[in-house]
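Enquirer: Compute the structure for the input listed below.
(one chain, ligands or ions: 1)
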Amino acid sequence: MNTVIAVIGLGHMGGPMAANLAAAGHRVLGFDLLPASLAAAAQHGVEAAPTAVEAAAQADVVLTMLPTGRHVLGLYQDGGLLAAARPGTLFLDCSTIDVADARAAHEAAADAGHTALDAPVSGGVVGAEAGTLTFMAGGSEEAFARAEPLLSVMGKKAVHCGAAGAGQAAKICNNMILGISMIAVGEAFVLGESLGLSHQALFDVASTASGQCWALSVNCPVPGPVPASPANHDYRPGFAAPLMAKDLGLAANAVRAGGIQAELGLRAAQLYAEFAEGPGAADDFSAIVRTIRQRSSSAQPEENGPGA
Ligand code: NAD
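Expert: Predicted coordinates for the structure are as follows:
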């Protein structure tokens, strides 16, 4: 049965996700504060709604794809979406937001008589356009079962990670691994350079040895070994550094709130925040290798060598 879906937030991700739902035969009512985003979605079968509330009032599912938890909670509560929707509407939030905000969104939806699922994504704009996203979901079995037919239109894989907030938790834990591992790979290449090791030699060894990881094998931060990696294309994203900084910031919030001794995660969040606000603002997150190299060339070698 075709579903009426309100999609609120038609930006880089929400726009193509809405287009894929419309192409699959669903009635999609879209809304975005930016008229240009609304007009672009309307070119792809999305009906432009005059307001988010009017879209939500007619929908079986309200899908949000917004920048932060503040936007999601703001629209749910003060923005009137929860109040306007028919009882039992599924509130499907695909934005990447704080775990605490996601849990608050679930609670507010339940209090208003609705069902909620947090379902952040990985796969970027390319995955959103191709309908090959991976969803990580948090909420009840029932909410996941209701969302699954829509998730399978927008993505190739959906994992039900657990109760409210579990999708966001999985997303930030995964991206904390990724942020730390990209810095580790960048540091290893810069150390290798100083020891006279070619990029290709280090890649050939580490990518088939215990240093193997996605940051090395797929998104290799130096040009050469992996032709499709952003390093070969002037570090055009890919996965933009400001998005990595955002996700690590969310991970750092959760680390601090939980009293977790995640020293590398916190340091990675700090390094990516500086990088994204400075030289990496428009780059793929792998470009952090250039900052590591630059800082290394201006640093003084330590006196204490081997055997000292
Ligand atoms: P974006 O900035 O392109 O889109 C967000 C849209 O929300 C904008 O068009 C904005 O106008 C709209 N918006 C903001 N407030 C609104 C409101 N009150 N009412 C209606 N519309 C409103 O961002 P994006 O890249 O599409 O990312 C969306 C979410 O997906 C973020 O949480 C991001 O972290 C996450 N994400 C992005 C990527 C990516 O590669 N871009 C990958 C994975 C996850």
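
Enquirer: What residues of the helix or strand hosting Ala215 count as buried?
Expert: Per DSSP states H and E: Ala215 is located in helix 214-217. By 16 or more other CB atoms under 10 Å, the buried positions in helix 214-217 come out as 215-217. (Each C-beta comes from the backbone N, C-alpha and C, glycine too.)

Enquirer: which residues are contacting that helix?
Expert: The contact list for helix 214-217 (CB atoms under 8 Å, 6 or more residues apart in numbering) reads 178, 181-182, 184-185, 203, 206-207, 221, 226, 286.

Enquirer: Restricting the selection to alpha carbons, write it to CSV.
Expert: Output of helix 214-217 as CSV, limited to C-alpha atoms (Å, rounded to 0.1, in the frame of the first residue of the first chain):
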residue,chain,number,x,y,z
TRP,A,214,38.5,1.5,5.6
ALA,A,215,40.4,4.8,6.1
LEU,A,216,43.4,3.2,4.5
SER,A,217,42.0,0.7,2.0
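
Enquirer: For the residue in the stretch 1-150 of the chain positioned nearest to the ligand, what are phi and psi?
Expert: Using CB to the nearest ligand atom, the single residue of the stretch 1-150 of the chain nearest to the ligand is Gly11, 1.9 Å away. The phi and psi values for Gly11, taken as degrees, to the nearest 10, are phi -80, psi -150.

Enquirer: and the closest residue to it other than its chain neighbours, how many residues sit next to it?
Expert: Once flanking residues are discounted, Gly11 sits nearest to Ser37: 6.0 Å by CB to CB, 6 or more residues apart in numbering. Here the number of neighbours of Ser37 (other CB atoms under 10 Å) works out to 19.

Enquirer: My read is that Ser37 contacts Gly15, right?
Expert: Yes: shown here, Ser37 and Gly15 form a contact pair, counting by CB atoms under 8 Å, at 6.1 Å.

Enquirer: quick one: secondary structure of the closest residue to Ala164 other than its chain neighbours?
Expert: Nearest-residue entry for Ala164: His106, 3.8 Å, with adjacent residues in sequence omitted and distances by CB to CB, 6+ apart. On the three-state scheme (DSSP: H, G, I helix; E, B strand; the rest coil), His106 is labelled helix.

Enquirer: what residues does the stretch 101-250 of the chain put near the ligand?
Expert: Counting by CB under 6 Å from any ligand atom, the stretch 101-250 of the chain comes close to the ligand at 121-122, 124-125, 243, 246.

Enquirer: what two of those are the furthest from one another?
Expert: Val125 and Lys246 (15.2 Å; CB to CB).

Enquirer: Which one of those two is surrounded by more residues?
Expert: Using other CB under 10 Å as the criterion, Val125 and Lys246 rank with Lys246 on top: 20 against 16.

Enquirer: wait, what's in contact with the more buried one?
Expert: Contacts of Lys246 (CB under 8 Å, 6+ apart): Thr96.

Enquirer: repeat that for 10 Å
Expert: Counting by CB atoms under 10 Å, 6 or more residues apart in numbering, Lys246 makes contact with 67-68, 96-97, 175, 240, 269, 272-273, 276.

Enquirer: If we only consider those residues, which is nearest to Arg86?
Expert: Ile97 (24.4 Å).

Enquirer: State whether that closest one and Leu66 are indeed in contact, as I suppose.
Expert: Yes: using CB atoms under 10 Å, Ile97 is in contact with Leu66, at 8.1 Å.

Enquirer: Spit out the residues that contact the two alike.
Expert: 72-73.

Enquirer: Show me what counts as buried in the helix or strand bottoming out on mean pLDDT in the chain.
Expert: Sorting the helices and strands of the chain by mean pLDDT, DSSP states H and E puts helix 124-130 at the bottom, at a mean of 92. Residues of helix 124-130 classed as buried: 124-125, 127-129 (neighbour count, 16+ other CB under 10 Å).

Enquirer: among those, which two are most distant?
Expert: It's Gly124 and Glu129 that sit farthest apart of the buried residues of helix 124-130, by CB to CB, at 9.2 Å.

Enquirer: mind giving me the domain ranges of the chain?
Expert: 4-163, 169-295 (automatic domain parsing).

Enquirer: Determine which stretch of those domains is the most buried.
Expert: Most buried of the domains of the chain by mean neighbour count (mean count of other CB atoms under 10 Å) is domain 4-163; its value is a mean of 20.

Enquirer: Figure out how far it is from the centre of its chain.
Expert: 14 Å (CA atoms, centre = their mean, to the nearest Å).

Enquirer: okay, how far is it across that domain, tip to tip?
Expert: Distance across domain 4-163, first residue to last, is 25 Å (CA to CA, to the nearest Å).
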